[in-house]
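Enquirer: Need a 3D model of the sequence below.
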Amino acid sequence: MKKTFILVISLIFCASLFAQQSGLNTYVLQFSDKGLNSDAAINPSLYLSEKAIERRTKQKIAFDQSDVPVNEQYVSSISEKGARILARSRWFNTLVIEATPEMAASYSALPFVSEIELLDNVSAGTISGNSLKPYLEPELVNPWTKGLNKKTTNDIYDYGAALNQINQLKGQYLHNNGFSGQGMTIAVLDAGFNSVDVMTCFDSLRANNQIKGTRDMAQPGNNVYATTMHSHGTSVLSCMGAYSNGLMVGTAPKADYWLIRTEVGEYERVIEEYFWVSGAEFADSIGADLINSSLGYTTFDDPLTNHTYADMDGNTTVVTRGADKAAEKGILVVNSAGNSGGGGWWYIGAPADGDSVFTIGAVDGNGYRASFSSVGPTYDGRIKPTVSAQGSGSAVFTPGGLGYGSGTSFSSPITCGITACLWQVLPDYTNMEIIELMKATASQASNPDFPIYNLG
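Expert: Numbers count the residues shown, from 1 in each chain. I've put the predicted structure just below:
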């Protein structure tokens with residue numbers, strides 16, 4: 001039942017806020033239900049692919065109303081009143097819209113709307129140019145100039161520039177025994193996949209139909225391969241899926257991939273967290289086994305919407321709750337820790353703080369922590385990152401060719417690919433059992449780092 005008194009107080013507060021604003025704002029609408037009997041049987045085949053159902057069944061995960069999409073009649077009622085639909089979430093039964101304050105106020109009277117939250121007061125897409133993206137901007141990739149490793153006698157792949165990052169995780173053992181990701185599906189949530197459709201290092205993925213599809217949650221129908229798109233996702237994908245014998249081979253060159261754009265390169269806004277959740281829900285629906293997310297959220301273009309370290313408690317930000325929900329659905333969520341370890345923010349961001357998220361830090365080629373790699377613990381005291389991999393001087397491909405880059409954005413997919421290969425060996429394990437197994441193989445598994453300082 002709608003809490004009328006609380007809603008009235010909320011509207012009075014919002015009315016005073018609305019009076020100071022003009023134009024279009026971004027809002028989150030929380031629906032009270034999905035228009036279904038709460039005891040109604042769920043038919044998962046209406047909403048989930050056969051592979052998604054198989055993943056749930058194998059891990060003994062029940063289907064529930066969070067698997068049912070947002071009620072389309074509710075959505076139509078909102079859009080017919082003039083709002084522009086920006087994102088939706090079936091897991092949280094929410095709708096993100098762009099609307100005027102007057103329109104938003106009118107939605108509160110609808111019987112199926114239980115709450116309206118102002119997300120920010122900047123119309124979608126109006127911020128551009130010089131926005132700083134804390135995760136992406138520091139991760140410049142330079143042309144490869146170091147020379148290439150020669151193929152070792154016993155390895156089936158000639159890893160070239162990627163040999164060290166593979167060797168740190170003992171990836172050759174899996175590959176040499178026939179486990180290169182076959183049958184595993186990895187959803188890559190990122191900012192764009194500039195030129196993946198034409199780059200030669202991805203010829204094998206295209207020839208073998210390993211790129212199963214693309215989706216743009218921020219701009220539906222957009223071509224994620226366009227040269228106007230960000231190339232961050234291109235480099236991230238190369239860490240797993242590249243196959244260029246003698247130059248670079250990724251950690252899971254035979255896995256299947258879905259390329260999902262959730263990040264907008266031109267701005268840093270909270271709405272990108274909602275795009276991320278929508279992307280994770282799509283990954284769930286098509287049957288992804290793993291998500292690689294080399295993304296994270298701490299501060300934004302609008303300082304009033306910034307997160308705090310206290311928000312990194314595993315339960316606060318929408319993107320973290322979405323990542324944990326994806327894990328609850330049986331997906332193994334691999335996420336970069338962040339690049340703030342050298343100063344400023346310092347700590348991991350969201351969704352790396354999730355208690356069910358496999359959080360990856362960065363080390364250099366010798367296995368020492370990279371100075372930029374964000375540190376733990378979470379605000380509630382949990383050790384993070386979970387493990388680390390090479391993220392300093394990592395071999396990657398860009399649309400311009402082979403290069404080396406530094407960032408946890410690269411250590412995350414390097415780890416994700418190896419994790420997919422390990423899960424291929426042990427298909428009856430759950431996602432969380434695989435994470436625990438990966439943790440047990442780490443060099444400091446018996447003596448994980450504790451924070452030596454508290455930055456507050």
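Enquirer: low-scoring stretches of the protein, by residue?
Expert: By pLDDT under 70, the weakly predicted segments of the chain are 1-22, 38-40, 122-132, 137, 450-456.
Enquirer: Looking at it, which helix is longest?
Expert: Longest helix in the chain by number of residues (criterion: DSSP state H): helix 408-425.
Enquirer: Number of residues surrounding the residue nearest to residue 423 when sequence neighbours are not counted?
Expert: Counting by CB to CB, 6 or more residues apart in numbering, residue 434 is the residue found nearest to residue 423 once chain neighbours are left out, at 5.1 Å. Placement of C-beta: from N, CA and C, glycine included. Number of residues near residue 434 (other CB atoms under 10 Å) recorded here: 20.
Enquirer: outside of the helix or strand just after the longest helix of the chain, which residues touch it?
Expert: Using DSSP states H and E, the next helix or strand after helix 408-425 towards the C-terminus is helix 431-440. For helix 431-440, contacts defined as CB atoms under 8 Å, 6 or more residues apart in numbering pick out 59, 327, 330-333, 356, 358, 386-387, 415, 419, 422-423, 426, 429, 445.
Enquirer: Drop anything exposed from these.
Expert: Taking 16 or more other CB atoms under 10 Å as the criterion, what is buried in these is 59, 327, 330-333, 356, 358, 386-387, 415, 419, 422-423, 429.
Enquirer: Out of those residues, which two are the most distant from each other?
Expert: 59 and 387 (21.7 Å; CB to CB).
Enquirer: Tell me where this protein has helices.
Expert: Counting by DSSP H, the helices of the chain are 4-18, 50-58, 72-80, 101-107, 163-168, 171-176, 203-207, 232-241, 271-286, 318-328, 408-425, 431-440.
Enquirer: Mind checking the ones you listed for the one nearest to residue 139?
Expert: Closest approach to residue 139 among these (CB to CB): helix 408-425, 5.3 Å.
Enquirer: Where do the strands of the stretch 1-150 of the chain begin and end?
Expert: Secondary structure of the stretch 1-150 of the chain (DSSP state E, counting those that start in this stretch): strands at 25-31, 84-89, 94-99, 113-120, 141-143.
Enquirer: just these: most buried one?
Expert: Per-stretch averages of neighbours, counted by mean count of other CB atoms under 10 Å, single out strand 94-99 among these, with a mean of 24.
Enquirer: That one pairs with which strands, and in what direction?
Expert: Note on strand 94-99: by DSSP bridges, its sheet partners are strand 25-31 (antiparallel), strand 84-89 (antiparallel).
Enquirer: tell me the angle of that strand relative to helix 318-328?
Expert: 150 degrees (axes from the mean of the first three to the mean of the last three CA atoms, to 10 degrees).
Enquirer: In TSV: the helices of the chain, plus distance to residue 293.
Expert: Formatted as TSV, the helices of the chain follow (distance: least, CB to CB, whole Å):
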stretch	distance to residue 293
helix 4-18	32
helix 50-58	18
helix 72-80	26
helix 101-107	30
helix 163-168	19
helix 171-176	21
helix 203-207	20
helix 232-241	9
helix 271-286	7
helix 318-328	7
helix 408-425	7
helix 431-440	14
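Enquirer: ok, residue 289 - contacts?
Expert: 55, 184, 185, 186, 331, 332, 420, 423.
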